[in-house]
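> Build me a model from this:
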Amino acid sequence: MIPLLRQILRTGIVSEPAPTVDDALCATTERLSNALTRQLGRALVIRHIDAGSCNGCELEIHALNNPYYNLEAMGIKFAASPRHADLLLVTGPVAKNMEVALKRAYAATPEPKLVVAVGDCGCTGGLFGESYASCGRVSNIIPVDVSIPGCPPTPLQLIQGILAAITPAADSTS
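Numbering: from 1, shown residues only. Purely as a prediction, here's the structure:
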């Protein structure tokens with residue numbers, strides 16, 4: 001135990017410096033906050049649906065909640081129920097066993113509802129395409145407002161895609 005404590009005292013505190021905030025991220029988050037205030041006047045509630053993905057996109061979606069991207073501070077929250085959601089964030093090619101669940105989630109989402117397909121699999125069916133086990137892209141099952149390509153898309157691309165989904169809706173209500 002004592003050698004370990006000596007090593008800790010000799011080494012000191014080792015950590016990496018805090019990341020610098022990207023100018024593109026600052027500009028995008030400000031535009032997103034303004035669009036949310038114009039359209040909703042409250043927080044945007046997102047329901048994430050994994051329709052059969054490899055979980056690469058989910059890792060990037062979870063990164064949106066870390067202190068660097070901090071979606072909560074922008075007024076974006078994730079919900080466990082589509083009944084409380086304004087936007088469905090769908091990842092992966094739609095597996096046959098998720099087809100009915102996705103349709104039910106879409107039907108349960110109140111109007112005006114927005115749908116964002118995330119990743120190459122959600123946009124085009126990706127590597128899996130259409131087969132006996134896959135319905136392919138999300139738009140084969142429910143209408144999609146915005147597609148965010150990438151395998152997986154970065155958190156900044158996800159924020160820009162959410163902004164693209166919100167902006168036309170904000171322009172049509174003004």
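> for the residue nearest to the spatial centre of the chain, what are its contacts?
In the chain, the C-alpha nearest the mean C-alpha coordinate belongs to I61, at 4.5 Å (C-alpha atoms, centre = their mean). I61 sits next to 48, 89, 91, 118, 155, 158 when contact means C-beta atoms under 8 Å, 6 or more residues apart in numbering. C-betas here are computed from N, CA, C, even on glycine.
> what separates it from N55, distance-wise?
Per C-beta to C-beta, to the nearest Å, I61 is found 10 Å from N55.
> who's in contact with the longest strand anywhere in the chain?
Ranked by residue count, the top strand of the chain under DSSP state E comes out as strand 44-50. Residues outside strand 44-50 that contact it (C-beta under 8 Å, 6+ apart) are 36, 58, 61, 75-82, 84-92, 101-102, 105, 109, 162, 166.
> Give me the buried entries from these.
36, 58, 61, 75-78, 82, 85-92, 102, 105, 109, 162, 166 (16 or more other C-beta atoms under 10 Å).
> now, which of those residues lie within helices?
Taking DSSP state H, the ones among those that sit in helices are 36, 58, 61, 102, 105, 162, 166.
> P149 touches D120, doesn't it?
Yes - under the criterion of C-beta atoms under 8 Å, P149 makes contact with D120 at 5.7 Å.
> which of the two has more neighbours?
A direct count of neighbours by other C-beta atoms under 10 Å for P149 and D120 places D120 higher, at 23 against 15.
> those strands in this protein, which residues are they?
For the chain, strands defined by DSSP E occupy the ranges 44-50, 76-78, 87-91, 94-95, 114-118, 134-136, 146-148.
> Name the strands paired with the shortest one and say parallel or antiparallel.
Looking back up the chat, that one is strand 94-95. As defined by DSSP bridges, the strand partners of strand 94-95 come to strand 134-136 (antiparallel).
> All set, thanks.
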